[in-house]
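Chemist: what follows is a predicted protein model with its sequence.
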Amino acid sequence: MEVVIVPDAAAGGDIIAEAMAALLHRKPDALLGVATGSTPLPVYQALASRVRAGGVDVSRARVCQLDEYVGLPTGHPESYRSVVLREVVEPLGLSPEAFMGPDGAAEDVQAACDAYDAALAAAGGVDLQLLGIGTDGHIGFNEPCSSLASRTRIKTLTEQTRVDNARFFGGDIDAVPHHVITQGIGTILEARHLVLLATGEGKAEAVAATVEGPVAAVVPASALQLHPHATVIVDEAAATKL
Ligand code: GLP
């Protein structure tokens with residue numbers, strides 16, 4: 001695992017956008033796994049500005065989702081499908097066909113999870129998966145004690161994660177769904193390159209446990225230690241406990 005400490009979130013965004021641009025140069029139809037939350041936004045902004053400047057050809061690029069809320073109505077602005085379309089697909093000028101995600105409104109949620117896992121494999125697998133990290137060390141929505149071999153499946157959010165994410169729902173924790181679909185840890189580990197970005201002091205403990213702690217299901221992000229090509233990019237605030 002490679003750990004890179006950068007001065008701030010913008011610098012982290014720049015480095016990762018550069019890595020994505022280099023990947024797309026080598027492999028124009030690369031499948032980029034994108035994450036939601038506020039941390040990755042500088043990455044998408046930096047990549048979009050490179051695209052606008054004509055430095056990156058994204059005409060064949062593909063994007064896939066990491067996780068999704070269950071039960072939000074189709075088109076809800078905080079469904080992760082809506083977020084990825086708004087923050088990634090539209091600013092990059094990709095067509096909606098270049099985008100894959102699990103169906104959080106499906107009647108048979110487990111069938112939707114299995115179908116998404118199979119679709120990722122059929123698409124040739126994820127080339128670069130961008131990850132954020134929860135304050136409890138979760139990746140995607142794999143909460144602590146998720147199996148390190150887990151596949152895409154339905155999960156129940158912890159109270160902590162619902163509190164953390166309430167800010168996207170007008171501060172109303174009751175509006176945050178209890179259930180989610182997430183790529184499993186085993187699924188995530190199949191991506192060719194994992195890039196985790198963490199910024200801010202609130203992530204410092206989770207980062208230290210991820211990088212320096214034992215590999216343990218209680219800290220899902222520690223599974224990155226098992227991956228042959230994992231990069232953890234942290235700003236100085238998130239690095240304070242390393
Ligand atoms: C959610 C997402 C994660 C993300 C985490 C942290 O739980 N499912 O993928 O990493 O939030 O979000 P933020 O970057 O806003 O702190």
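Modeler: Everything's here; your move. Numbers count the residues shown, from 1 in each chain.

Chemist: can you count the residues close to the closest residue to R151 other than its chain neighbours?
Modeler: Closest residue to R151 apart from its sequence neighbours, by Cβ to Cβ, 6 or more residues apart in numbering: G184 at 4.2 Å. For the C-beta atoms, the positions are set from N, CA and C on the backbone; glycine is no exception. The tally of other residues near G184 (other Cβ atoms under 10 Å) stands at 22.

Chemist: per-residue pLDDT, G184?
Modeler: At G184, the pLDDT value in this model is 98.

Chemist: spell out which parts of this protein neighbour the ligand.
Modeler: 35-39, 66-67, 132-134, 140-141, 161, 165 (Cβ under 6 Å from any ligand atom).

Chemist: go through those and flag which are in strands.
Modeler: Taking DSSP state E as the definition of strands, these contribute D67.

Chemist: quick one on the thing from earlier: I'd guessed the residue nearest to R151 sits against S150; true?
Modeler: Yes - assessed by Cβ atoms under 8 Å, G184 is found in contact with S150 at 3.2 Å.

Chemist: elements contacting the helix or strand containing I233?
Modeler: For I233, the host element (DSSP states H and E) is strand 230-235. Strand 230-235 sits against strand 2-6, helix 9-26, strand 193-198, helix 204-212, with contacts defined as 3 or more Cβ pairs under 8 Å, 6 or more residues apart in numbering; DSSP states H and E.

Chemist: and those as a markdown table, adding mean neighbour count?
Modeler: Formatted as a markdown table, these follow (neighbours: other Cβ atoms under 10 Å):
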| stretch | mean neighbour count |
| --- | --- |
| strand 2-6 | 15 |
| helix 9-26 | 19 |
| strand 193-198 | 25 |
| helix 204-212 | 20 |
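
Chemist: so what's in contact with G184 and S150 at the same time?
Modeler: Shared contacts of G184 and S150, defined by Cβ atoms under 8 Å, 6 or more residues apart in numbering, comprise N142.

Chemist: what sits against the residue nearest to R151?
Modeler: D117, N142, S146, S147, A149, S150, R151, T152, R153.

Chemist: repeat for L41
Modeler: G13, E87.

Chemist: end-to-end on stretch 233-242?
Modeler: 12 Å (Cα to Cα, to the nearest Å).
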